[in-house]
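# Sequence first, predicted model second:
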Amino acid sequence: MVAPSSISAVCVYGSKVAGYARADSDYDLIVVARKFREGVRYRYVGDDMAASALIVDEGLLLQDATASSLGEFVVGRFLNVYEPISNAELFRRVETEYKSRVLVEALLELSSDYGDFCRHLLVPMDYFLFDKLRRRSVVYPPALYSYVQTYSCSLGAENRAISADGFREAARSLLPRGYFSLEEGGIRMNPEKMKGDSFTKVQSIFALTTRGVTQYAVHGYAGRVGFSVFRKEAESKLRRMREQPDPLPELERPKTLLRLDEGTVIPDASRLEMEVARLLGYTEFAAEERMIGDPYSTTRVLTFRGGGRETSVVLKNFSDIRSLKWALLGVWAAAASKFRLTPLARLDREYSVTRALRAAGIRVPNIIAVSPDVRILVKEFVEGETLAKAIDDFSKVGAGELLGVASYGKLMAKVHATGFALGDAKASNVIVSPRGLTLTDLEQADPEGDKAWDIAEFVYYTAKLSNREEAMKRIANSFLGAYSAEGSKDVISKASALKYLRPFQPFLLPGLAKSLRETMLAFG
């Protein structure tokens, strides 16, 4: 069928190489031939199927690697371990070309799914392996047996490392494009260079479907064999289906391999409560949930009890319908400030600013987990009362200390000194505890934000619907005095501009609004 002189490369793959072969397993070969007129064809050697050779034209093999011309029917075998017999350079080239494409497609989909938040993900090399194997097993279920065996047999760890090395080499070849940076633990995406969108994902889904159809068509074409061989293949596949071993977690849920610098990725939202409990060290527990914050808040507290202890965490859902408040607030405050509206943008900002402010020595809750598919952030629950509660208590009595307000003025000046504006600087977003003040809501924080808005929002919003002018003036004086001692008076001066007052005027008595603005003018 193939002249020896036309053979350009030969390799062995499958159970014999991967380490899970039975005594009666055959050898699986890929024979690459130049100008092979049939394109691709199976050839079985020996009466007992001692060896099966997949013969493929060299040009078609390269096209399958770069453009899936055969539905990845041939090149898909290079995801896993193989052993070159001749012309290892050709197989390495094919593997690198193929894995480069697989890698880019996977990153584009992550970028499409997670937007700017993808910058926080560390994607290990074996993610690309198991993500692709899962997709291939969906298209062709009989292959699942060999995938599970390859990575759960005695050579499983070695097979995994070999495949990951191939993806690492592919990643190095792609570095000049600037899509990502290469770190010791994997790949860090650059969302500015990889702007995935819904069209990208549709393309990926369409490609998966068309590849599956092509793969089946090529399988039928390549496997033109006699009835006895067909019967043996069918029996082998049925036996594999009956003997299917337990699936690997990575094959079922490849996204469990994704990593964050702080917190754990929980890709399966249906297991969120169970996974958080596990992270907190609970094996048996009872859980109780309650909402906290303003009526339009998307934040709830989840309390776990078990083993004689109790732990609470905060779950913030950025895609909750109540988060539409930001669209309404954006219209309300359009002249004075801009709010980030999309769930992913707010999740990205809360995660990144939390870590940046902690690095600057500012108290923020620890991040425990993120479920990016449903835009949920799980953070440490900080015991204490809100600064808004302390202010409300003061305004009712009209006397007492305003240490928390002064401390917030100093804290805001420190936040601004780091380059950030809070964006949502209400007193209800500050927890007062024996540890000091903790900032809890950072989804609108921005390194390019409007610091004057922070000051105006705190002063005016604190006084909304209040008729206690003297108490509100004392609060404003305490806050502005502390801020001006640590921060920029120019920011206070800017905050006194009428454009910052206008969004709050409907909620302020005219005399109080005038008095608060004059107080800001005095400090600016």
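Noted; the coordinates are in hand.

# Where does the record place the domain boundaries for the chain?
Per the record, the chain has its domains at 4-259, 260-380, 385-523, by automatic domain parsing.

# Confirm I431 sits in a helix?
No - with DSSP: H, G, I helix; E, B strand; the rest coil as the criterion, I431 is located in strand rather than a helix.

# Output the below-cut-off pLDDT ranges for the stretch 301-450 of the chain.
The model of the stretch 301-450 of the chain has pLDDT under 70 over residues 320-341, 397-401.

# mind running it again at 90?
Per-residue confidence for the stretch 301-450 of the chain (pLDDT under 90) gives these ranges: 318-343, 345, 392-403, 434-435, 448.

# Which residue ranges of it form helices?
When secondary structure is read from DSSP state H, counting those that start in this stretch, the stretch 301-450 of the chain shows helices at 325-332, 343-359, 387-397, 403-417.

# Among the ones you listed, which comes closest to E89?
helix 343-359 (42.7 Å; CB to CB). Quick note: C-beta positions are derived from backbone N, CA and C, even for glycine.

# before we move on, back to that, just send the domains of the chain back as JSON lines, with mean neighbour count too.
As requested, those are exported to JSON lines (neighbours: other CB atoms under 10 Å):
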{"stretch": "domain 4-259", "mean neighbour count": "17"}
{"stretch": "domain 260-380", "mean neighbour count": "17"}
{"stretch": "domain 385-523", "mean neighbour count": "19"}
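
# Report whether I30 is found in a strand, as I expect.
Yes - using three-state DSSP, the secondary structure at I30 is a strand.

# From R43, how far out is it?
I30 sits 11 Å away from R43, going by CB to CB, to the nearest Å.

# quick one: common contacting residues for those two?
Common neighbours of I30 and R43 (criterion: CB atoms under 8 Å, 6 or more residues apart in numbering): A53, L54.

# mind listing what G306 touches?
G306 touches Y282, T283, E284, F285, A286, counting by CB under 8 Å, 6+ apart.

# can you tell me which two in those are farthest apart?
Pairwise distances across the contacts of G306 (CB to CB) peak at 12.4 Å, for the pair T283 and A286.

# before we move on, back to that, out of the contacts of G306, the closest to I85 would be?
The shortest approach to I85 among these belongs to T283, at 50.9 Å (CB to CB).

# which residues does the closest one contact?
The neighbours of T283, taking CB under 8 Å, 6+ apart as the test, are G306, G307.

# Give the helix, strand or coil label for it.
coil.

# Could you number the chain from 52 rather than 1 from now on?
Happy to do that; since the first residue is 52 now, the last one works out to T334.

# measure it to E340 for me?
Taken as CB to CB, the spacing of T334 relative to E340 amounts to 20 Å.

# closest to L226 out of the helices of the stretch 352-501 of the chain?
With CB to CB as the criterion, L226 lies closest to helix 394-410 of these, at 23.7 Å.

# Could you check the angle that closest one makes with helix 454-468?
Here the directions of helix 394-410 and helix 454-468 differ by 100 degrees (axes from the mean of the first three to the mean of the last three CA atoms, to 10 degrees).

# can you give me the helices in the stretch 52-201 of the chain?
Chain-ordered helices for the stretch 52-201 of the chain, with DSSP H, counting those that start in this stretch as the definition, fall at 66-69, 109-118, 139-165, 176-190, 194-203.

# Show me what the one helix or strand Y534 maps to is packed against.
Secondary structure from DSSP states H and E places Y534 in helix 520-537. Using 3 or more CB pairs under 8 Å, 6 or more residues apart in numbering; DSSP states H and E as the contact test, the elements touching helix 520-537 are helix 438-448, helix 454-468, helix 502-513, helix 540-546, helix 561-574.

# would you put the C-alpha positions of it in CSV?
Output of helix 520-537 as CSV, limited to C-alpha atoms (Å, rounded to 0.1, in the frame of the first residue of the first chain):
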residue,chain,number,x,y,z
GLU,A,520,-28.0,70.1,60.8
GLU,A,521,-25.6,70.6,63.7
ALA,A,522,-24.9,66.9,64.0
MET,A,523,-24.3,66.6,60.2
LYS,A,524,-21.9,69.6,60.3
ARG,A,525,-19.9,68.1,63.2
ILE,A,526,-19.6,64.9,61.2
ALA,A,527,-18.5,66.7,58.1
ASN,A,528,-16.0,68.8,60.1
SER,A,529,-14.5,65.7,61.8
PHE,A,530,-14.1,63.8,58.5
LEU,A,531,-12.8,66.8,56.5
GLY,A,532,-10.4,67.9,59.2
ALA,A,533,-8.9,64.4,59.4
TYR,A,534,-8.7,64.1,55.6
SER,A,535,-7.0,67.5,55.1
ALA,A,536,-4.4,66.6,57.8
GLU,A,537,-3.3,63.6,55.8
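
# And for it, what's in contact with it?
Applying CB under 8 Å, 6+ apart, the contact partners of helix 520-537 are 442, 445-446, 449, 453, 456-461, 463-465, 468, 506, 509-510, 513-514, 517, 542-543, 560, 562-563, 566-567, 570-571, 574.

# Test my guess that A328 contacts A338.
Yes - taking CB atoms under 8 Å as the definition, A328 is a contact partner of A338 at 7.2 Å.

# Identify the contacts common to those two.
F355.

# Output the helices and strands packed on helix 520-537 as CSV; include the columns distance to L158.
Putting the helices and strands packed on helix 520-537 into CSV (distance: least, CB to CB, whole Å) gives the following:
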stretch, distance to L158
helix 438-448, 42
helix 454-468, 34
helix 502-513, 36
helix 540-546, 40
helix 561-574, 48
